[in-house]
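Participant: Need coordinates for the below:
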Amino acid sequence: MSAREAAARLGVKLETLYAYVSRGRLSSIEVPGSRERHYRAADIDALRSVRDGSRAPRPDAAEALIPVISSSICLIEGGRLYYRGRDALRLAESATLEEIAALLWRPDLDAQASTGAAAAGMPRQQEPFASGRSQEPPLAATRTAAGVRAGRSPTARRTKVESRVRGNDRTQAARPAEMAGLGMIERCQLRLAALAGVDLPALDLTRAGVARTGYKILRELAGCVAETAPSSAPVHAQFADRWGLDEAGADLLRRCLVLLADHELNASTFVARCVASTGATPYGVVSAALSALSGRRHGGASARAEALLHELAQSSDPMPVMAARLARDEELPGMGQPLYPEGDPRGLAILAAVGVALPQARSRIEGAVAAARQLTGKHPNVDFALAAAATALGLPAGAALGLFVVGRSVGWIAHAIEQYESGVLIRPRARYTGPRPAADAADPIA
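Facilitator: All right, here's what the predicted structure looks like:
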C-alpha cells in the first residue's frame, strides 16, 4: 500500500509513518522507476498495537527497537561492499576520495558534473575564509578563528600573544604546547568547533549546501591529521607529500581512503545520523561522529592492530607472539568481521595492494595473517590491513586512525545528507527493565 494508505490505516500523519521507518519499526519497499515507497499490509497491522507512544512495546517487539534505517548509500551483500550499487573494490582501483564523495553526496548530478565537483574540491567562491586565509596549520588557525569570534582582530591577537610570550608570560607560553599535546581526534574537533562559529553557509542543509560544507570539512580534517595547512590537492596526495611517500605509496593511501569511505551503520555513522536528525550542521555531525570513533571499541581497534604489528616486527616468527597473547587471554586485534564470514574484502584488498606497493613487507604480513588464521580461524579485517599499510609505509604512530577519520568523514556526511532529506527525528523507544511502580499511590520517598 502507499504511504498515505499506510498512514490512514495506522491513524497517523505521514510524518509519523516516516518516523516509524527511521526508528526501524517499519520497513518500506522501493517502487521501481519511482521515488515513492510502498508498505506491506502485514507490517502495518503488526505495528498498530504498538503505535501509541503511551504504551510500552510488546516483549516480542523488542527487536524492533534496534534501529534499522533505510539508506541508499552503502550495501553489504554476498561478501562484497557497494557504494550506491557500485563495487567499492573496483572503484578503489582508480577513484580518489573526492570522487567517492561526489558519488555519495551528489548522486543527483551526472557523472561528469560529479567528477568535476570532486576535482574542484571546494570552489574558492564558496569558501567563506578565502580572503586573507592564513596558511597557518589548523591548530594555529583555530586560535585565530577563536579570536575573531570574540570580536578581536586576528593580527592584534597574535601580536598580543607573541608579546606576552616574549615577556615570559608562562600562561600564554604554555597554550601552544597544550594545544599540540591534544590527540588527533581532539585536534579535529577543536578545528571544526572554531569553523562552525564563523561558517554561516553551513546552515544550508540542502544536498548542495551540505556537499559544499562537506568539502571544507574534508580539507580541514586532512590538514589536522597531517598537521599542515588545508590544501585543495587530493587528500591522498597531501598525505603522501607530508609523509614523504613515492607514487606507489600515494596510490596505496588513495586506495585505503576509498575503501574507508562508508560501511553502513556502524556506531559513529549512526551517531552522525542521530545528530543530523536534530538539524545540527555538518560540523556538529562530524564532531559527534568523531566522539564515537574515539572510543576504544571503535577507533581504538586501529591502535591495537598497530601495536600488534610493532610487536611482531621484533620477532622473526609471529606464531609464538600471537600464541602468547591468546594464552594471556588477550585478543588478536584486527581479526574477524561478523559481516564478512569469508573475510573482509576491504582488508584483503588493502593487504594485496601493500604486497604490490611494498614487496619487502609482503612475507612478514602474510606470515602474520597465516599465523592468526591458524590460531583463531579468522581473516584480517580492515583495521589490521590499515595498520599493516601504515606500518609498512613507515607512517607516524596513529596515522591509521587518521586515515580512517578522513576517509569515513565522507560517509558521515553522506548519511547526514540522507537524514536531513528525510526530515525525521531519530527517537528510538526504550524497553523498561526496572522495578514496576508500587500499587500504593503514595510516594514513600516524598
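Participant: need the helix or strand of the chain with the lowest average pLDDT.
Facilitator: Ranked by mean pLDDT, DSSP states H and E, the helix or strand of the chain with the weakest confidence is helix 154-166, at a mean of 37.
Participant: and the helix or strand harbouring Ala323, how far out from the chain's middle?
Facilitator: According to DSSP states H and E, Ala323 maps onto helix 318-327. Computed by Cα atoms, centre = their mean, to the nearest Å, the chain-centroid distance of helix 318-327 equals 32 Å.
Participant: Can you check the pLDDT for Gly402?
Facilitator: pLDDT, Gly402: 97.
Participant: need the contact list for it.
Facilitator: Met184, Val225, Ala226 (Cβ atoms under 8 Å, 6 or more residues apart in numbering). Placement of C-beta: from N, CA and C, glycine included.
Participant: Quick check: it is in a helix.
Facilitator: Yes: assessed by DSSP: H, G, I helix; E, B strand; the rest coil, Gly402 belongs to a helix.
Participant: For the stretch 251-400 of the chain, just list every one of the helices.
Facilitator: Taking DSSP state H, counting those that start in this stretch, the helices of the stretch 251-400 of the chain run over residues 267-277, 282-293, 300-313, 318-327, 345-357, 359-376, 382-393, 399-422.
Participant: Out of those, name the one with the poorest average pLDDT.
Facilitator: The minimum mean pLDDT among the helices of the stretch 251-400 of the chain belongs to helix 300-313 (a mean of 92).
Participant: So which bits of it are buried?
Facilitator: Ala301, Ser302, Ala303, Arg304, Ala305, Glu306, Leu308, Leu309, Leu312 (16 or more other Cβ atoms under 10 Å).
Participant: who does that helix touch, helix- and strand-wise?
Facilitator: helix 318-327, helix 359-376, helix 382-393, helix 399-422 (3 or more Cβ pairs under 8 Å, 6 or more residues apart in numbering; DSSP states H and E).
Participant: angle of that helix against helix 399-422?
Facilitator: 160 degrees (axes from the mean of the first three to the mean of the last three Cα atoms, to 10 degrees).
Participant: Send over helix 300-313 as CSV, restricted to the C-alpha atoms.
Facilitator: The C-alpha atoms that make up helix 300-313 are tabulated as CSV, following Å, rounded to 0.1, in the frame of the first residue of the first chain:
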residue,chain,number,x,y,z
GLY,A,300,40.8,2.1,19.2
ALA,A,301,40.9,-1.0,17.0
SER,A,302,43.4,0.6,14.7
ALA,A,303,45.8,1.5,17.5
ARG,A,304,45.6,-2.0,18.9
ALA,A,305,46.4,-3.5,15.5
GLU,A,306,49.3,-1.1,15.1
ALA,A,307,50.7,-2.2,18.5
LEU,A,308,50.4,-5.9,17.5
LEU,A,309,52.3,-5.3,14.2
HIS,A,310,55.0,-3.4,16.0
GLU,A,311,55.3,-6.3,18.5
LEU,A,312,55.5,-8.8,15.6
ALA,A,313,58.3,-6.7,14.0
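Participant: Contacts only, for the residue nearest to Ala416 when sequence neighbours are not counted.
Facilitator: Distance criterion Cβ to Cβ, 6 or more residues apart in numbering; nearest residue to Ala416, sequence neighbours excluded, is Ala276 at 3.9 Å. By Cβ under 8 Å, 6+ apart, Ala276 lies in contact with Pro282, Val285, His415, Ala416, Gln419, Tyr420.
Participant: burial of the third one, as a residue count?
Facilitator: By that I understand His415. Counted with other Cβ atoms under 10 Å, residues neighbouring His415 total 27.
Participant: from now on call the first residue 770
Facilitator: Sure thing, new numbering starts at 770, so read that last one as His1184.
Participant: that older thread, dump the contacts of Ala1045 to CSV, plus distance to Asp877.
Facilitator: Output for those, formatted as CSV (distance: Cβ to Cβ, whole Å):
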residue, distance to Asp877
Pro1051, 18
Val1054, 20
His1184, 16
Ala1185, 16
Gln1188, 16
Tyr1189, 14
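Participant: separation between the nearest residue to Met1088 once chain neighbours are set aside and Leu1029?
Facilitator: Of all residues not flanking Met1088 in the chain, Ala1140 sits nearest, at 4.6 Å (Cβ to Cβ, 6+ apart). Applying Cβ to Cβ, to the nearest Å, the value for Ala1140 to Leu1029 is 25 Å.
Participant: what about those two, which has more around it?
Facilitator: In terms of neighbours (other Cβ under 10 Å), Leu1029 is the more surrounded of Ala1140 and Leu1029; the figures are 25 against 19.
Participant: surely that one meets Ala1158?
Facilitator: No: at 11.0 Å, Leu1029 does not count as touching Ala1158 under the criterion of Cβ atoms under 8 Å.
Participant: So which residues make contact with the helix holding Ala1092?
Facilitator: Under Cβ under 8 Å, 6+ apart, the answer for helix 1087-1096 is 1077, 1080-1081, 1084, 1100-1101, 1133, 1136-1137, 1140-1141, 1143-1145.
Participant: helix or strand for the closest residue to Leu816 other than its chain neighbours, which one?
Facilitator: Sequence neighbours aside, Leu795 is the residue nearest to Leu816 in space, at 5.7 Å (criterion: Cβ to Cβ, 6+ apart). Under DSSP H and E, no helix or strand contains Leu795.
Participant: per-residue confidence at Leu795?
Facilitator: Leu795 is given a pLDDT of 81.
Participant: And it, how far from Ala1156?
Facilitator: 40 Å.
Participant: do Gln958 as well
Facilitator: Distance from Gln958 to Ala1156, by Cβ to Cβ: 23 Å.
Participant: between those two, which one's more packed in?
Facilitator: Ala1156 (27 against 20).
Participant: Not counting sequence-adjacent ones, nearest residue to that one?
Facilitator: Ala1156 sits nearest to Ala1074 (Cβ to Cβ, 6+ apart), 3.7 Å away.
Participant: quick one: contacts for the one you found?
Facilitator: Ala1074 makes contact with Pro1102, Gly1103, Asp1152, Phe1153, Leu1155, Ala1156, Ala1157, Ala1169, according to Cβ under 8 Å, 6+ apart.
Participant: Name the nearest residue to Ala1157, ignoring sequence neighbours.
Facilitator: Ile1134 (5.2 Å).
Participant: Low-confidence bits of this protein, can you list those?
Facilitator: 791-793, 802, 818-836, 879-949, 1209-1215 (pLDDT under 70).
Participant: ok, and the closest non-adjacent residue to His807?
Facilitator: Per Cβ to Cβ, 6+ apart, closest to His807 is Ile798, 4.7 Å.
Participant: Nice, that's everything, thank you.
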